[in-house]
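# Provide a 3D model corresponding to the input given below.
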Amino acid sequence: MKSVMIALLLLICKASTAQQNNELPVPKLFFDSAGELIISPSSTSSKNDFDFFIGKWNLKNRILKKNENNSVTWNEFEATQEMHVILNGLGNIDNYLAERNGKPFEGMTLRLFNPQTKLWSIYWADSNYGTLGLPPVIGSFENKVGHFFSKDLSDGKVLITVYRWDARDVDQPVWSQATSEDYGNTWEWNWFMYMRR
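Model prediction:
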């Protein structure tokens, strides 16, 4: 009986996670005649969009791992993050500290708001590579949910990446990342960060 209850709880948790993952649709993507992404800001896009994230946070990470037998598992680990506003409010920077595979890991995010385009550009660097990840993901917030996109090549295929910031609950925001190999028709969510003060 106990094993049946545990299995039922695991099933409910998986269903709940799946519902949360699909609760918010990714906005439809548009491309120009050269196949480049067209990213337009929301009408409310502002340099204050990330103000909710100022300060220190504890994070629970869930990262998708694909196994050789085509099965998937989710690796979970804790991290901390601290964000500071820079450039008189036109940007912010944070440091991300964790232990990955038994080794210290540090990441850094740089976010810049362009007052002319009303778009955010988000860059990532980490202690594994020591380089600024390019291209940045670009986008804006609407109704406390931000979507930021990039397009690049992976093994000769077009790969679209989206970062989603769900700040509808500003005390427990959720960051997530997904990729698409079919120009945004379908998405594979591969990293979630659940944040708390």
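# so what does the strand ranked longest in the chain touch, helix or strand wise?
Taking DSSP state E as the criterion, the chain has its longest strand at strand 72-86. Packed against strand 72-86 by the contact rule (3 or more C-beta pairs under 8 Å, 6 or more residues apart in numbering; DSSP states H and E) you find strand 55-66, strand 91-100. Backbone N, C-alpha and C define where each C-beta goes, glycine included.
# buried ones in that strand?
Buried positions in strand 72-86, judged by neighbour count with 16 or more other C-beta atoms under 10 Å: 79, 81, 83, 85.
# Tell me the predicted confidence for the first one.
The score at Ala79 is 97. That number is its pLDDT.
# ok so, going back, which of the helices and strands packed on strand 72-86 sits closest to Ala167?
Closest approach to Ala167 among those is made by strand 55-66 (12.2 Å; C-beta to C-beta).
# That closest one to strand 91-100, inter-axis angle?
Counting by axes from the mean of the first three to the mean of the last three C-alpha atoms, to 10 degrees, strand 55-66 lies at 50 degrees to strand 91-100.
# moving C-terminal of the least confident helix or strand in the chain by mean pLDDT, what's the next helix or strand?
Lowest on mean pLDDT, DSSP states H and E among the helices and strands of the chain sits helix 2-23, with a mean of 42. Helices and strands here follow DSSP states H and E; after helix 2-23, the next one along the chain is strand 30-31.
# Assign a three-state SS to the residue nearest to Glu142 when sequence neighbours are not counted, would you?
Among residues not flanking Glu142 along the chain, Ser42 sits closest, at 3.8 Å (C-beta to C-beta, 6 or more residues apart in numbering). Under DSSP: H, G, I helix; E, B strand; the rest coil, Ser42 falls in the coil class.
# So the spatially closest residue to Lys118 that is not a sequence neighbour versus Val158, what's the distance?
Closest residue to Lys118 apart from its sequence neighbours, by C-beta to C-beta, 6+ apart: Pro41 at 3.8 Å. The gap separating Pro41 from Val158 is 23 Å, by C-beta to C-beta, to the nearest Å.
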